[in-house]
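Asker: A structural model of the following input is requested.
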Amino acid sequence: MRILFVSNYFPPEVNAPATRTFEHAREWVRLGHEVEVLTSNPNFPEGKIYDGYTNGFATETVEGIKVTRVPMYVTANKGTVKRTLSYLSYMASVRLYLRRLQQQPDIVVATSPQFFAAVAGHLIARKLRVPFVMEVRDLWPESVVAVGASSDNAVIRACEWLETYLYEQADHIVVVTRAFKRHIENRGIPSAKISVLPNGADLAAWDRPLDEAKLAALRAQHGLQGKFVAGYIGTIGMAHRADILWEAARRCDDPDIVFMVVGTGAEREKLEALQAANPLPNFRLLDKVPKEEVPYLLALTDASVVHLRDLPLFRTVIPSKIFEAMATRTPIILGVEGESKEIVQEADAGLTIPPENVEALLGAVTCLKNDPDLYEQLGTSGRRYVETHYNRTHLARAYADVLADVLGVETPLPEVRRDTADTGFFLEAAA
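Answerer: Modelled structure (predicted):
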């Protein structure tokens with residue numbers, strides 16, 4: 001197959017959609033498919049073009065993936081008006097540069113959010129007269145309203161209409177959680193049109209040996225020798241309430257526990273202000289690092305904190321951080337309700353706490369520090385579970401199988417569909 005994948009995000013950006021797109025596309029190339037990713041020049045989340053790139057048209061090849069980058073209006077990942085303008089500019093740009101694609105695709109896949117990338121994918125597929133598959137990684141615009149970034153107004157309602165229109169027009173829809181599938185079914189979309197293909201972990205990447213000297217130097221640099229580190233690594237956004245780690249550090253009286261937040265985003269300045277006003281010796285706020293450095297930060301982390309605000313919408317999401325923690329045998333402290341909680345409990349991979357509950361977070365960290373047998377059990381169970389159920393290689397092959405089904409062609413891939421009662425995660429679509 002010749003696959004065109006439309007995504008606003010792609011490495012060297014390190015957010016979840018960039019990682020998901022890259023790891024799937026790389027596996028498809030390994031399996032003999034031709035893949036082109038139509039994306040922007042890297043700028044997330046600061047809204048600044050990364051070193052080595054310019055905000056213009058460019059092409060490159062990354063591990064066999066043809067990457068076509070288009071210019072757009074770039075802005076930081078905060079502020080509704082500017083971000084919307086940025087999203088719209090990407091949509092317009094990919095349509096404008098359509099004639100400069102590196103290959104004619106058999107099928108177009110577009111991932112949302114950001115939502116207008118899906119709109120662009122639909123327009124491209126219609127222009128090229130090829131099937132369109134819409135990937136839904138978050139419910140938009142519902143998530144924008146949920147975090148308070150926008151009120152429920154006429155613009156939001158128009159976007160909801162457009163959301164339903166895209167569901168109707170897509171030849172197939174891929175979602176990352178069962179809750180998303182139910183949401184789309186409630187919009188009148190047949191179950192047969194929707195497949196559940198969640199996030200997962202690239203186990204081979206996480207199993208690569210680390211430089212022990214470099215790891216020791218990082219531990220010394222950040223004053224973590226002999227400390228039990230509870231870490232949050234990822235976007236510091238409006239949805240995440242990463243400041244709960246700072247508050248837990250303020251209340252913690254165990255000198256051997258450190259709370260660490262790594263990343264950037266719309267709420268980072270709030271954390272910086274908290275730490276500047278009341279410097280805590282047991283709190284670390286580190287800058288975002290390149291993807292290849294993330295394994296070192298997880299190696300410094302004894303407990304991986306995965307947290308979202310206590311909002312009904314977030315009970316439908318599954319943060320990809322939980323799979324990375326399982327891959328590295330790092331016990332999870334999960335402050336998310338819904339499907340994520342079910343997975344962590346079924347995997348026996350960590351402790352679950354009520355979202356936005358500082359005392360519960362502090363109690364879970366203390367429990368893991370003081371119970372080495374439990375700590376070892378959770379790390380081992382999590383690794384075993386992710387190997388069985390959330391191996392990115394298997395997921396990518398299942399995804400390619402879905403695309404082949406949409407095209408109505410035979411795929412040379414090994415059969416990777418599983419009965420969901422057996423595996424618990426994929427491939428969930430109608431019989």
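
Asker: Report the buried residues of stretch 125-132.
Answerer: 125, 128, 130-132 (16 or more other Cβ atoms under 10 Å). For the C-beta atoms, the positions are set from N, CA and C on the backbone; glycine is no exception.

Asker: how far is it from where the chain is centred?
Answerer: Distance, stretch centre to chain centre, for stretch 125-132: 27 Å (Cα atoms, centre = their mean, to the nearest Å).

Asker: How about residues contacting that stretch?
Answerer: For stretch 125-132, contacts defined as Cβ atoms under 8 Å, 6 or more residues apart in numbering pick out 98, 104-110, 121-122, 169-172, 406-407.

Asker: Top of those residues by number of neighbours, please.
Answerer: With neighbours set by other Cβ atoms under 10 Å, the maximum within the contacts of stretch 125-132 is found at Val109, which has 30 neighbours.

Asker: Tell me who's in contact with that one.
Answerer: Counted by Cβ under 8 Å, 6+ apart, Val109 has contacts 3-6, 121, 132-135, 174, 403.

Asker: part of a strand, is Gly188?
Answerer: No - according to DSSP: H, G, I helix; E, B strand; the rest coil, the state of Gly188 is coil, so it is not within a strand.

Asker: got the phi/psi numbers for it?
Answerer: Dihedral angles of Gly188 (phi, psi; degrees, to the nearest 10) stand at phi 90, psi 10.

Asker: Could you do Asp253 as well?
Answerer: According to degrees, to the nearest 10, Asp253 has phi -110, psi 10.

Asker: show me where the protein has strands.
Answerer: Secondary structure of the chain (DSSP state E): strands at 2-6, 34-40, 58-62, 65-70, 107-112, 132-136, 172-175, 194-196, 228-233, 257-262, 283-286, 303-307, 332-335, 350-352.

Asker: Out of these, flag the one nearest Ala276.
Answerer: strand 283-286 (9.9 Å; Cβ to Cβ).

Asker: Can I get the closest one as CSV, trimmed to CA atoms?
Answerer: Extracted in CSV, the C-alpha atoms of strand 283-286 (Å, rounded to 0.1, in the frame of the first residue of the first chain):
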residue,chain,number,x,y,z
PHE,A,283,11.1,19.4,43.9
ARG,A,284,12.7,19.4,40.5
LEU,A,285,11.4,21.2,37.3
LEU,A,286,13.3,20.1,34.3
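
Asker: what's the closest non-adjacent residue to Asp106?
Answerer: For Asp106, ignoring the flanking residues on the chain, the nearest one in space by Cβ to Cβ, 6 or more residues apart in numbering is Arg2 at 4.6 Å.

Asker: what about the residue nearest to Thr39 when sequence neighbours are not counted, neighbour count?
Answerer: Spatially, and ignoring its direct neighbours in sequence, Thr39 is nearest to Phe10 (4.1 Å; Cβ to Cβ, 6+ apart). Per other Cβ under 10 Å, the neighbour tally for Phe10 reads 25.

Asker: Surely Phe10 and Val67 touch.
Answerer: Yes - using Cβ atoms under 8 Å, Phe10 is in contact with Val67, at 6.6 Å.

Asker: Need the overlap of contacts for those two.
Answerer: 37, 39.

Asker: could you measure the nearest residue to Ile107 once chain neighbours are set aside against Asn278, distance?
Answerer: In space, and not counting its chain neighbours, Ile107 is closest to Pro131: 5.0 Å by Cβ to Cβ, 6+ apart. Taking Cβ to Cβ, to the nearest Å as the measure, Pro131 falls 56 Å from Asn278.

Asker: just the helices in the stretch 101-250 of the chain please.
Answerer: Assigned by DSSP state H, counting those that start in this stretch, the stretch 101-250 of the chain shows helices spanning 115-128, 142-146, 154-169, 178-185, 203-206, 212-221, 243-251.

Asker: what's the closest of these to Ser86?
Answerer: Among the helices of the stretch 101-250 of the chain, helix 115-128 sits nearest to Ser86 (Cβ to Cβ), with 9.3 Å.

Asker: Could I have the CA atoms of that closest one written out in PDB?
Answerer: What follows is helix 115-128, C-alpha atoms only, in PDB (Å, rounded to 0.1, in the frame of the first residue of the first chain):
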ATOM      1  CA  PHE A 115      -8.900  18.700  14.500                       C
ATOM      2  CA  PHE A 116      -8.200  20.600  11.300                       C
ATOM      3  CA  ALA A 117      -5.600  18.000  10.300                       C
ATOM      4  CA  ALA A 118      -8.500  15.600   9.900                       C
ATOM      5  CA  VAL A 119     -10.400  18.200   7.800                       C
ATOM      6  CA  ALA A 120      -7.300  18.500   5.600                       C
ATOM      7  CA  GLY A 121      -7.100  14.700   5.200                       C
ATOM      8  CA  HIS A 122     -10.700  14.600   4.100                       C
ATOM      9  CA  LEU A 123     -10.200  17.300   1.500                       C
ATOM     10  CA  ILE A 124      -7.000  15.600   0.200                       C
ATOM     11  CA  ALA A 125      -8.700  12.200  -0.100                       C
ATOM     12  CA  ARG A 126     -11.700  13.700  -1.900                       C
ATOM     13  CA  LYS A 127      -9.400  15.600  -4.300                       C
ATOM     14  CA  LEU A 128      -7.300  12.500  -5.000                       C
END
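
Asker: Any regions of the stretch 151-300 of the chain where pLDDT drops low?
Answerer: 151-153, 155-156 (pLDDT under 70).

Asker: How is this protein divided into domains?
Answerer: 2-200+391-423, 204-389 (automatic domain parsing).

Asker: what's the neighbour count on Ser404?
Answerer: Let me fix one detail, which is that residue 404 is Ala and not Ser. 18.

Asker: Let me know the pLDDT of it.
Answerer: pLDDT, Ala404: 97.

Asker: can you check the one 3 residues further on too?
Answerer: The predicted structure scores Leu407 at 96 on the pLDDT scale.

Asker: list the contacts for it?
Answerer: Leu407 neighbours (Cβ under 8 Å, 6+ apart): 1, 106-107, 131.

Asker: again, only this time at 6 Å
Answerer: For Leu407, the contact set (Cβ atoms under 6 Å, 6 or more residues apart in numbering) comprises Ile107.

Asker: Same question for Leu297.
Answerer: 233, 262.

Asker: please redo it, this time with the cut-off set to 10 Å
Answerer: Going by Cβ atoms under 10 Å, 6 or more residues apart in numbering, Leu297 touches 215, 218, 222, 229, 231, 233, 260, 262-263, 286, 289.

Asker: Of all pairs in those residues, which one is the farthest apart?
Answerer: By the measure Cβ to Cβ, Leu215 and Gly263 form the most distant pair in the contacts of Leu297, at 19.4 Å.

Asker: of those two, who's got more company?
Answerer: Gly263 (24 against 15).
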